[in-house]
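Colleague: when you get a sec, could you give me coordinates for this:
(2 chains)
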There are 2 protein chains.
Amino acid sequence: MINGSDVALRGHENKPSSDGASALGTHGPAAKLKDANPSEIPPASGLGGRQNAVTISDILERRAKAGRLIAPTASYSDSDMFKGPQVGKPKSKSMEHHLSPESLSRHPCSLKQAARHLKTPGLISLGGGLPCAEYFPIDSITLKVPNPPHFSEAATASSGAEVRIGKYDVTDPTIQGTYDLSIALNYAQATGSAQLSRFVTEHTELVHNPPYSDWRSCLTVGSTGALEQTLRMLCDGPERKDCMLTEEYSFATALETAGPLGIKVVGIKMDEQGLLPEAMDELLTNWKPEERGGAEEAGNPTGATQGLERRRALYEVARKHDVFVIEDEPYYYIQMPLEMTTGSAKEEETVESFIASLIPSLLSMDVDGRVLRMDSFSKVVVPGSRVGWVTASEDIIERFIRHAEVCNQGPSGISQVILYKLLDEQWGHEGYFKWLMNLRGEYTKRRDTMVAAVEKFLPKEVVSWSVPVSGMFYWLKVDHTQHPGIQAGKPILEVEEEIFNSCIAKGVLVARGSWFRAEQDTEPNELFFRATFAAATAENMTEAIRRFGDAVRESFKL
Amino acid sequence: MINGSDVALRGHENKPSSDGASALGTHGPAAKLKDANPSEIPPASGLGGRQNAVTISDILERRAKAGRLIAPTASYSDSDMFKGPQVGKPKSKSMEHHLSPESLSRHPCSLKQAARHLKTPGLISLGGGLPCAEYFPIDSITLKVPNPPHFSEAATASSGAEVRIGKYDVTDPTIQGTYDLSIALNYAQATGSAQLSRFVTEHTELVHNPPYSDWRSCLTVGSTGALEQTLRMLCDGPERKDCMLTEEYSFATALETAGPLGIKVVGIKMDEQGLLPEAMDELLTNWKPEERGGAEEAGNPTGATQGLERRRALYEVARKHDVFVIEDEPYYYIQMPLEMTTGSAKEEETVESFIASLIPSLLSMDVDGRVLRMDSFSKVVVPGSRVGWVTASEDIIERFIRHAEVCNQGPSGISQVILYKLLDEQWGHEGYFKWLMNLRGEYTKRRDTMVAAVEKFLPKEVVSWSVPVSGMFYWLKVDHTQHPGIQAGKPILEVEEEIFNSCIAKGVLVARGSWFRAEQDTEPNELFFRATFAAATAENMTEAIRRFGDAVRESFKL
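Modeller: Model (predicted):
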């Protein structure tokens, strides 16, 4: 079972990201696959080209037909309830052979299963120990939030909307609410509430529209937790001989999650568009189980700027070698234009053109149901909500839920009701997309500040970079071969540490490239640093880059 | 490593609980230990008798001396910062031999470790990818909450307090807040925020005051998640031959958590005070590793009504056999008087006398640091917050945090700031204890409604029970030997199912006793049902018990 388990991690939350290293081209040439079998090429509808796209009007029409969503305390829901008709789509293929013994042995919670009887008319429950809402010491929660498209803090403070969440809004006939505190503050299903599930399911259909019929979404406690659950579902077993393939440089926390589970991480060669499909294909074709602890795994984490053709090629390699793919793309909506901007987001852009401009996800081309995509509100709404969601085939999501029931029990209900009120009731899908468009514009401005700073302050004779076109990070390559210490035989890691410490002494914290190396047990042969443009003010960011430049100059004796 | 790992689970979240089966006596006679070694008896300060108790005044004085808590975004904190002087207490003993290979192999998160440099004056961080608070689309959150001691919904609606949480309250010189949205909505340490950690650390010291010096508390995503983390920390390993000892009947979800991890659950004989120390001692004394998969584990989950002497005896058995104990006591504050009440909680009771009246926890008598106690806000504030905390020795908590960093990353910041504002700033420790006292009174009234209903409607010739003195459940024993079907050879499980289905048909949902059996792979030889008095109205509860009585009568042909 475990030896047949193949996992690929695709994504870049917080990781240095090939995006940063990508100078150009979100639409690079397709990688040519060796031995590609033409019969494996998915049908056109699976190419992620947004054929048969679902629109916001479709969703609104569907909702109007369905009437008010009735989902009381701890009620069961399934994201299938919120999908449109999946006409002409095939069913997913079974991925059961990828599941770990731990995952396969999970049974539904008996107490949660009993909840299905609650639908019986007139039934009184003395079953689950759900506390009585009467004893929840919060009568209401009121939020002050922006009115789209006036998203600035000043506009929110002066003319934002007041959104009130009462305790009994759902049963109050004068309000007829959909979600209230009596529900949100109580226990809920581990899938998350029906209310927020509906929103993320519809959002996923609007953006990704998976090309198989039985896809599902399920709320998570964020992508870090979702990754751990997914790795235990796919790789965890008594033998623990699984491997995870990622880009050579990957998200540090993902590597730290995999290690203690006994999962070997294998780095795949990258170029400026991320992981190379040919390299992955070659590795898997020549895979010798005995050399890699008996596992036959493969992976593929790359940046969001990976072009459509590259993504298609990677997906085909995964199909060819029956690899299961984890797609982790928290910065999906922060896809920035390469050209420097001077003002805010393009005024003429519509929600439709924004969606159409996004590079298709692997999920959107996944005809088999071999991709589990992780999304998160952390980077684009608030990290402190600890809410995200995963999308995969029904069978995979069912196993994921079985685990969630006995670990986190789903995300905070307080977070859920606040996100629901903001995103669904106050903004709606249209407003949320406008928020994302605005956010992309804001981060583009920040990136441009850093572009100017690195151009001005970094010694180009030893530091090189590419303008990042997605995410929140600059990935800075330092030419170690010119370093006097390295020329005298010092290890790269030592020089990296010296420069890092010198940065701290000069008053700037950057991340060390070695933290992100997939294969931590080998010696690095390159020298990188990562700098974020997410947090500091323009003035501080510029000063910080100046200090970093000084530290590098000093170390290289320039 | 794994073969030396011993785990005991003590607790009863949602489980049928010996409490329910306990007619009398929270202070039964001490179990006599065979072969007890006098040198193992802990010193007087470790007996949980609340010697040298810390008072609320001590805490207030300590806070006044310390000045305003300064804990900005993602800042590191340690619950040791919030404890009083631990004068005259020994250090905990090492429990490293109980840890699993998975837990032992965890390293600190490199990105989170880098956060310690943030204290350097003038440092600008381009390190972690924390989004900028400017882009958090919530300007403020305002809560309407009760003013102690006026806790009713009506009083809250008419004269409750309005508590506002602004985005920049901490840096606003006119407010000088301690915790605000710019902090709570961003990423945080996996330990939880310093602000809420301080509250739970002080609360733990007020109630449990562990008798060793290096204890720590750490926030969790609730006790279900905390249990999974703890089991993986103690029992998860490649060999997976660990056992967990619990009461014969235990919390269903705990059993469902342990199973897929390959942990064998062993049920220990109980009486009306829960798990029998003599039975546990005998089992462990005669433990044959080869009979139980090579593990040498033991456990002890019992009800909160376990008397002090019983708890001491159990703790001594755990010491004698070097067993690690998980104490799960979410209903700790719902300790109800045996006598029926007619009104609200005793008016004359003070916070001090309430704390003194609580049966001491195992944590309060843990001189070794071999107990990990799990607490939760779910049963006594709101389950939907998904916030709880664990308390154990520094070394154990450190390992727990390493896991949290790569799974849930700590609880929702939105939940944390709301709980902090309510419990710490609005109510304070005094107000929170008054809330707990009030809640105990409310659940006692509900229990009494069910007492009256079972007396009136259940056929005493076949159903027996004890008045529950803690928790939220009635545990109903049905005398299967009188059942015509069983007399004719039917298995107990089949009869249990028939009665359960008949209940559903008659309009009442109860929980089946077999769901809570520790040893699921053996045939039950008793018949139980569990009914909660937590949720239904008095009228519905009474009607539901009438229906249950009908179902039993019908099945027994009475």
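Colleague: any idea how far A:A64 is from chain B?
Modeller: Noted for A:A64: a distance of 27 Å to chain B, by C-beta to the nearest C-beta, to the nearest Å. The way it works is simple: take the backbone N, C-alpha and C, and place the C-beta from them, glycine included.
Colleague: would you confirm that that residue belongs to a strand?
Modeller: No - according to DSSP: H, G, I helix; E, B strand; the rest coil, A:A64 belongs to no strand; its state is helix.
Colleague: any regions of the stretch 351-500 of chain A where pLDDT drops low?
Modeller: Of all residues in the stretch 351-500 of chain A, none has pLDDT under 70.
Colleague: around chain B, pick out the residues from it.
Modeller: With C-beta under 8 Å from any C-beta of the partner chain as the criterion, the stretch 351-500 of chain A meets chain B at residues A:378-379, A:381-387, A:405-415, A:418, A:422, A:435, A:439, A:442, A:446, A:471-473.
Colleague: just the pLDDT for the closest residue to A:E461 other than its chain neighbours.
Modeller: Distances taken as C-beta to C-beta, 6 or more residues apart in numbering or on different chains put A:L558 closest to A:E461, at 6.9 Å, once the chain neighbours are dropped. Note on A:L558: pLDDT of 92.
Colleague: which of the residues of the stretch 351-500 of chain A next to chain B fall in strands?
Modeller: A:F473 (DSSP state E).
Colleague: write out the residues of the stretch 1-150 of chain A neighbouring chain B.
Modeller: A:14, A:102-103, A:105-107, A:109-111, A:114, A:117-118, A:120, A:122-132, A:134-146.
Colleague: just the buried ones from these, in ChimeraX syntax?
Modeller: Only the buried entries of the residues of the stretch 1-150 of chain A next to chain B go into this ChimeraX selection, using 16 or more other C-beta atoms under 10 Å in any protein chain shown:
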select /A:14,102,103,106,109,110,111,114,117,118,123,124,125,126,127,128,129,130,131,132,135,136,137,138,139,140,141,142,143,144,145,146
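Colleague: doesn't A:K460 make contact with the residue nearest to A:E461?
Modeller: No - contact criterion C-beta atoms under 8 Å: A:L558 and A:K460 do not qualify, at 10.6 Å.
Colleague: what's the domain layout of chain A?
Modeller: Chain A breaks down by automatic domain parsing into domains covering A:2-106+A:149-336+A:350-436, A:443-556.
Colleague: the host helix or strand of A:M233 close to chain B?
Modeller: For A:M233, the host element (DSSP states H and E) is helix A:223-234. Yes - Helix A:223-234 reaches chain B (C-beta under 8 Å from any C-beta) through A:224-225, A:228.
Colleague: ok, back up a step: among the residues of the stretch 1-150 of chain A next to chain B, which lie within helices?
Modeller: A:102-103, A:110-111, A:114 (DSSP state H).
Colleague: which one of these sits closest to B:F324?
Modeller: If you rank those by distance to B:F324 using C-beta to C-beta, A:E102 comes first, at 22.0 Å.
Colleague: doesn't A:L234 make contact with that closest one?
Modeller: No - if you go by C-beta under 8 Å, A:E102 and A:L234 don't touch, sitting 10.1 Å apart.
Colleague: dump the ones in helices among the residues of the stretch 1-150 of chain A next to chain B into CSV; add pLDDT as well.
Modeller: Converted to CSV, these look like this (pLDDT from 0 to 100):
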residue, pLDDT
A:E102, 90
A:S103, 93
A:S110, 78
A:L111, 75
A:A114, 81
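Colleague: and those as CSV, adding distance to A:L261?
Modeller: Putting those into CSV (distance: C-beta to C-beta, whole Å) gives the following:
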residue, distance to A:L261
A:E102, 10
A:S103, 13
A:S110, 28
A:L111, 28
A:A114, 32
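Colleague: worst mean pLDDT among the domains of chain A?
Modeller: Minimum mean pLDDT among the domains of chain A: domain A:2-106+A:149-336+A:350-436, a mean of 83.
Colleague: list phi and psi for A:I175.
Modeller: phi -110, psi -40 (degrees, to the nearest 10).
Colleague: who's in contact with the closest residue to it other than its chain neighbours?
Modeller: Take A:I175 and drop its neighbours on the chain: the residue closest to it by C-beta to C-beta, 6+ apart is A:D169, 4.6 Å away. Shown in contact with A:D169 (C-beta atoms under 8 Å, 6 or more residues apart in numbering or on different chains): A:175, A:177, A:179-181.
Colleague: which of these are buried, as a PyMOL select command?
Modeller: In PyMOL syntax, the buried subset of these is picked out as below (16+ other C-beta under 10 Å):
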select buried, chain A and resi 177+179+180+181
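Colleague: let me have the contacts of A:D169 in JSON lines, extended by secondary structure and distance to A:L362.
Modeller: Compiled in JSON lines, these are given as follows (DSSP: H, G, I helix; E, B strand; the rest coil; distance: C-beta to C-beta, whole Å):
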{"residue": "A:I175", "secondary structure": "coil", "distance to A:L362": "42"}
{"residue": "A:G177", "secondary structure": "coil", "distance to A:L362": "37"}
{"residue": "A:Y179", "secondary structure": "coil", "distance to A:L362": "32"}
{"residue": "A:D180", "secondary structure": "coil", "distance to A:L362": "37"}
{"residue": "A:L181", "secondary structure": "helix", "distance to A:L362": "38"}
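Colleague: and the contacts of A:D169, which is closest to chain B?
Modeller: Of all the contacts of A:D169, A:L181 has the smallest distance to chain B: 8.3 Å, by C-beta to the nearest C-beta.
Colleague: isn't the closest one up against A:G166?
Modeller: Yes - using C-beta under 8 Å, A:L181 makes contact with A:G166 at a distance of 6.6 Å.
Colleague: quick one: common contacting residues for those two?
Modeller: A:139-140.
Colleague: coming back round to it: next, the residue nearest to A:E461: secondary structure please.
Modeller: Per three-state DSSP, A:L558 ends up coil.
Colleague: which one of the domains of chain A lies nearest to B:Y187?
Modeller: Here domain A:2-106+A:149-336+A:350-436 is closest among those (C-beta to C-beta), at 4.5 Å.
Colleague: ok now the closest one, how far from the chain's centre?
Modeller: Relative to the centre of its chain, domain A:2-106+A:149-336+A:350-436 is centred 6 Å away, using C-alpha atoms, centre = their mean, to the nearest Å.
Colleague: got it, and stretch A:124-135?
Modeller: With C-alpha atoms, centre = their mean as the basis, the mean position of stretch A:124-135 lies at 36 Å from the chain mean.
Colleague: what's the answer for stretch A:454-472, then?
Modeller: The answer for stretch A:454-472 is 25 Å, by C-alpha atoms, centre = their mean.
Colleague: and it, end to end?
Modeller: End-to-end distance for stretch A:454-472: 15 Å, by C-alpha to C-alpha, to the nearest Å.
Colleague: okay, now the nearest residue to A:G122 once chain neighbours are set aside: neighbour count?
Modeller: Distances taken as C-beta to C-beta, 6+ apart put B:G507 closest to A:G122, at 4.9 Å, once the chain neighbours are dropped. Using other C-beta atoms under 10 Å in any protein chain shown, B:G507 is surrounded by 17 other residues.
Colleague: check the one 4 residues further on too.
Modeller: The criterion is other C-beta under 10 Å. On that basis, B:A511 has 27 neighbouring residues.
Colleague: can you pull the contacts of it?
Modeller: A:111, A:114, A:126-128, B:16, B:529-532.
Colleague: repeat that for 6 Å
Modeller: A:127, B:530 (C-beta atoms under 6 Å, 6 or more residues apart in numbering or on different chains).
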